[in-house]
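Q: coords please:
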Amino acid sequence: MRTSSGICKRISLILPTLGLALLDLASCSQRGLNFPQRELRHMIRPHRTRDARAGLSLFAIGEELAESTDDMDTASDMEPLIADHIDITVPNDEMDHANDISAPKHADNLGPQFEEILMHLGGNGRYQKYIVFLVLLPMCFASSIMASAWLFITSTPTDHWCRLPLDNLTSSIEKSLLPMDENETSKHAECRMFDLNYTEELEVQGGVLGLVDLVNSSRQRLPTIPCTDGWGFDRYPQSRSLASEFGLVCGKDFLTTLAFILPSLGSVIGIPFGGYLADRFGRKPTYFAALLFFVGVGTIASFIPTYVPFLAVVCIQNIASSPVYTLPYMIGVEILPPDSRSTFAVLLTVLYTMGGVVFTGLAYFVRDWRWLLFSSTSPFLLFSLYWFIMPESPRFLLQTGSYAKAEKWLRIVARVNRKDFGGATEGKFRQLTDAHARLAREDKEHRKPRASYFDFFRTPNMRRKILLLTYLACNVNVVYSGLSFYAPSLGSDPYLSFFLASLIEIPSSIFTQLTADRVGRRTTMVVCFAVTSIACFGTAFLPNNSSSSYAPLLILFMIAKMCITSAFTVQELVVHEICPTVLRGEGVALTNIVGYSISNFGPIIVSQRAHQTAFPMVVFGATSVIGILCALALPETLHMPLPETVAEVENSGKKADKRQI
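A: Numbers count the residues shown, from 1 in each chain. A predicted model of the protein is given here:
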């Protein structure tokens with residue numbers, strides 16, 4: 001029997017799947033079908049082909065699956081059966097064959113076993129492509145737009161001056177009644193005015209022209225004082241900016257930089273919570289909780305009238321910023337085979353870059369910072385509709401003992417990819433879950449504590465890798481955030497500078513795709529850090545504050561930005577590939593906590609460019625040199641299966657690691 005809730009659930013799929021499911025929606029409504037909510041997230045309509053059977057829609061798959069799995073046992077119901085009938089021994093001479101899942105020998109080698117099952121079901125098949133292109137990449141695009149807003153919201157107007165207690169003055173006349181800048185005699189002072197009763201002198205001199213003549217003739221003798229009536233601002237790049245509304249100039253200009261840094265600290269606070277919740281309750285519910293929190297609080301922040309409460313609310317909002325970006329990335333890595341992960345990372349970077357490019361156009365037309373914040377946040381409430389499509393990570397389901405849900409996901413993958421889940425593949429999955437269930441039972445009997453951050457530091461090989469990953473994250477975050485903050489101030493047009501700085505990340509992604517899957521992750525990072533350091537050091541040989549140095553400075557900047565973006569992409573991928581599934585969320589969180597915290601030094605370093613244009617670039621070059629050493633000390637992860645447990649990480653590549661160092 002058809003229900004209103006069923007109809008609403010089907011309608012919610014139309015937007016994110018771009019109309020591909022429209023025909024099936026109509027047919028389902030005519031037949032009165034009502035799909036369970038847990039099935040809707042998997043129903044994405046495949047493209048039609050000449051073969052009618054090949055064009056079977058996922059709505060029909062969901063219908064058949066719903067009818068066949070409603071009575072499926074839960075993981076808790078299966079545990080007594082497993083405990084009574086399964087006995088797995090682990091002979092020492094069989095440990096070298098962990099990648100052969102035809103007969104799983106040890107539960108610590110679940111990663112290779114799951115990878116082989118995934119390959120039997122099509123690897124990077126149609127299902128994975130649907131999820132990546134229709135769900136995960138749009139989520140990344142949205143997070144880019146939400147993150148890019150702060151570079152323009154915290155921008156400083158190109159010019160400001162003391163307001164005078166006179167009415168109906170144009171900005172040019174107002175500037176002519178001010179003292180000249182001490183360091184640049186052809187320019188008016190930005191933070192000082194004459195100690196003069198302008199209102200009285202205007203009447204005495206008989207008008208504005210007489211007052212201008214008085215000031216010009218007495219300019220050298222008149223004393224000056226700080227601005228007393230506020231400031232006037234150039235309306236470029238924004239008609240109303242954070243700095244102009246709250247007067248963040250002349251001794252308060254550091255508050256603009258603070259408005260960029262403190263939200264980053266808010267995201268640092270939220271990283272460990274996001275990682276813990278993702279590993280405890282799942283990637284999917286954590287993402288949507290973070291999304292709703294970020295959008296809701298951000299919308300409220302755009303209407304707060306004073307600086308301090310606004311900054312406090314924005315810091316609270318950014319607690320949810322990290323999960324909004326990292327969790328779609330994590331799900332993508334966990335549903336794809338090893339050979340497709342770098343491609344996914346590159347595609348994610350391209351979409352993130354396109355978000356910055358699109359936001360440049362948005363910022364160009366929306367010149368009021370409040371409306372810019374509102375328009376870059378509130379529309380993404382629509383992404384909550386993805387709840388019905390986005391899958392939970394199958395690796396998380398296995399690690400938490402949700403074997404029935406994991407099997408359901410594999411059956412859907414098999415049907416969409418036109419593969420057979422029965423027979424040998426299903427038997428391999430049973431052996432995999434049996435091995436994991438026994439290990440979980442043994443851990444429970446021995447009261448083994450749940451995996452936590454401390455497990456990163458209990459064993460030497462795991463400890464060494466997580467420290468190297470964390471240090472590498474610090475290096476790449478400082479350089480990347482610093483160059484991103486540097487971009488809008490590069491040249492006279494911040495929109496063009498930011499557009500070019502975003503656009504250059506696209507060839508960076510192409511370079512990453514060409515190298516990461518061929519020469520390896522480690523070599524790619526070493527080359528990128530090396531070229532970044534050379535480009536940054538090259539700016540030291542350019543004339544300081546000279547118009548002739550703009551073009552070569554822009555070229556060197558673009559090269560550095562392109563290479564550090566590539567290094568950033570590969571570094572994120574390596575963190576996901578080295579950390580085990582049981583701690584992947586917390587491992588990503590740990591590296592991001594430290595990396596994002598240190599990244600706040602990037603804008604601080606850039607703020608010193610007033611004294612020496614090349615100084616920030618030289619610091620970033622030296623930081624990149626240290627990044628080379630970190631990358632060389634890490635193991636190569638190309639074509640390696642994702643580790644599932646800490647024991648897998650500890651036992652993998654010990655000899656190789658020693659040779660690499």
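
Q: so where's the stretch 301-450 of the chain uncertain?
A: For the stretch 301-450 of the chain, the stretches with pLDDT under 70 are 445-450.

Q: mind listing the helices for the stretch 151-300 of the chain?
A: Counting by DSSP state H, counting those that start in this stretch, the stretch 151-300 of the chain has these helices, from start to end: 171-176, 198-204, 208-218, 242-246, 254-281, 283-301.

Q: distance to G122 and mean neighbour count added to those helices, as TSV?
A: (Glycine included, C-beta is placed from N, CA and C.) As requested, these are exported to TSV (distance: least, Cβ to Cβ, whole Å; neighbours: other Cβ atoms under 10 Å):
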stretch	distance to G122	mean neighbour count
helix 171-176	65	14
helix 198-204	77	14
helix 208-218	78	14
helix 242-246	50	21
helix 254-281	26	20
helix 283-301	22	20
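
Q: quick one: closest of these to T569.
A: helix 254-281 (19.1 Å; Cβ to Cβ).

Q: point out the other helices and strands that the closest one packs with.
A: The contact analysis (3 or more Cβ pairs under 8 Å, 6 or more residues apart in numbering; DSSP states H and E) places helix 254-281 against helix 137-153, helix 242-246, helix 283-301, helix 307-317, helix 321-335, helix 584-599, helix 601-606.

Q: okay, these, which one's buried deepest?
A: helix 321-335 (a mean of 26; mean count of other Cβ atoms under 10 Å).

Q: got JSON lines for the helices and strands packed on helix 254-281, with distance to Y130 too?
A: Converted to JSON lines, the helices and strands packed on helix 254-281 look like this (distance: least, Cβ to Cβ, whole Å):
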{"stretch": "helix 137-153", "distance to Y130": "11"}
{"stretch": "helix 242-246", "distance to Y130": "41"}
{"stretch": "helix 283-301", "distance to Y130": "16"}
{"stretch": "helix 307-317", "distance to Y130": "31"}
{"stretch": "helix 321-335", "distance to Y130": "11"}
{"stretch": "helix 584-599", "distance to Y130": "23"}
{"stretch": "helix 601-606", "distance to Y130": "37"}
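
Q: quick one: closest of these to R163.
A: With Cβ to Cβ as the yardstick, what comes closest out of the helices and strands packed on helix 254-281 is helix 242-246 (11.4 Å).

Q: for the record, mean pLDDT for the helix or strand hosting V575?
A: Assigned by DSSP states H and E, V575 falls within helix 550-578. For helix 550-578, mean pLDDT is 86.

Q: report the inter-axis angle for that helix versus helix 321-335.
A: Calculated by axes from the mean of the first three to the mean of the last three Cα atoms, to 10 degrees, helix 550-578 forms an angle of 60 degrees with helix 321-335.

Q: buried set for helix 550-578?
A: Residues of helix 550-578 classed as buried: 553, 556-578 (neighbour count, 16 or more other Cβ atoms under 10 Å).

Q: how far is it from where the chain is centred?
A: 15 Å (Cα atoms, centre = their mean, to the nearest Å).

Q: so which elements touch it?
A: helix 321-335, helix 338-365, helix 460-486, helix 494-503, helix 505-516, helix 521-538, helix 584-599, helix 615-633.

Q: please report phi then psi for the closest residue to S264 other than its chain neighbours.
A: Setting aside the residues directly before and after it, S264 is nearest to N600 in space (Cβ to Cβ, 6 or more residues apart in numbering), at 5.4 Å. Per-residue torsions, N600: phi -70, psi -20 (degrees, to the nearest 10).

Q: enumerate every residue touching I269.
A: I319 (Cβ atoms under 8 Å, 6 or more residues apart in numbering).

Q: correction: the previous question concerned T349.
A: Contacts of T349 (Cβ under 8 Å, 6+ apart): E505, S508, S509, T512, T565, T569.

Q: check those and tell me the two furthest apart.
A: Spatial extent of those (Cβ to Cβ) is set by the pair E505 and T512 at 9.9 Å.

Q: what about these two, which has more around it?
A: T512 (28 against 23; other Cβ atoms under 10 Å).

Q: wait, isn't G355 in contact with I145?
A: Yes: the pair G355 / I145 is scored as a contact, 4.7 Å apart, by Cβ atoms under 8 Å.

Q: let me know the angle separating the helix holding V575 from helix 338-365.
A: 140 degrees.

Q: that older thread, select, out of the helices and strands packed on helix 550-578, the one closest to E407.
A: Per Cβ to Cβ, nearest to E407 of the helices and strands packed on helix 550-578: helix 321-335, 14.9 Å.

Q: restricting to C-alpha, output the closest one in PDB.
A: Provided in PDB are the C-alpha atoms of helix 321-335 (Å, rounded to 0.1, in the frame of the first residue of the first chain):
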ATOM      1  CA  SER A 321      34.100  21.700   9.100                       C
ATOM      2  CA  SER A 322      36.600  18.800   9.100                       C
ATOM      3  CA  PRO A 323      34.100  15.900   9.000                       C
ATOM      4  CA  VAL A 324      32.300  17.600   6.100                       C
ATOM      5  CA  TYR A 325      35.400  17.300   4.000                       C
ATOM      6  CA  THR A 326      37.200  14.200   5.300                       C
ATOM      7  CA  LEU A 327      34.300  11.700   5.600                       C
ATOM      8  CA  PRO A 328      33.300  11.600   1.900                       C
ATOM      9  CA  TYR A 329      37.000  11.200   1.100                       C
ATOM     10  CA  MET A 330      37.200   8.300   3.600                       C
ATOM     11  CA  ILE A 331      34.100   6.500   2.300                       C
ATOM     12  CA  GLY A 332      35.500   6.800  -1.300                       C
ATOM     13  CA  VAL A 333      38.800   5.300  -0.300                       C
ATOM     14  CA  GLU A 334      37.100   2.400   1.600                       C
ATOM     15  CA  ILE A 335      34.700   1.400  -1.200                       C
END
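
Q: against which helices or strands is that helix packed?
A: Going by 3+ Cβ pairs under 8 Å, 6+ apart, helix 321-335 lies up against helix 126-131, helix 137-153, helix 254-281, helix 283-301, helix 338-365, helix 394-399, helix 550-578, helix 584-599.

Q: closest to L311 out of these?
A: helix 254-281 (6.0 Å).

Q: what mean pLDDT would you report for the closest one?
A: 81.

Q: distance from the chain centre to that helix, please.
A: The answer for helix 254-281 is 12 Å, by Cα atoms, centre = their mean.

Q: would you mark the buried spots in stretch 534-543?
A: Result for stretch 534-543 [16+ other Cβ under 10 Å]: buried residues I534, A535, C536, F537, G538, T539, L542.

Q: residues in contact with that stretch?
A: Looking at what lies outside stretch 534-543 - Cβ under 8 Å, 6+ apart - the contacts are 549, 552-553, 556-557, 559-560, 563, 613-614, 617-618, 620-621, 624.

Q: got the end-to-end distance for it?
A: 17 Å (Cα to Cα, to the nearest Å).

Q: how far out from the middle of the chain is that stretch?
A: 30 Å.

Q: for stretch 302-316, same thing?
A: 23 Å.

Q: over to stretch 275-295?
A: The answer for stretch 275-295 is 14 Å, by Cα atoms, centre = their mean.

Q: leaving out chain neighbours, which residue sits closest to F456?
A: Computed as Cβ to Cβ, 6+ apart, the closest residue to F456 that is not its neighbour in sequence is I466, at 4.4 Å.

Q: ok, back up a step: contacting residues around the residue nearest to S264?
A: I261, S264, L265, S481.

Q: G122: which element?
A: Judged by DSSP H and E, G122 forms part of no helix or strand.
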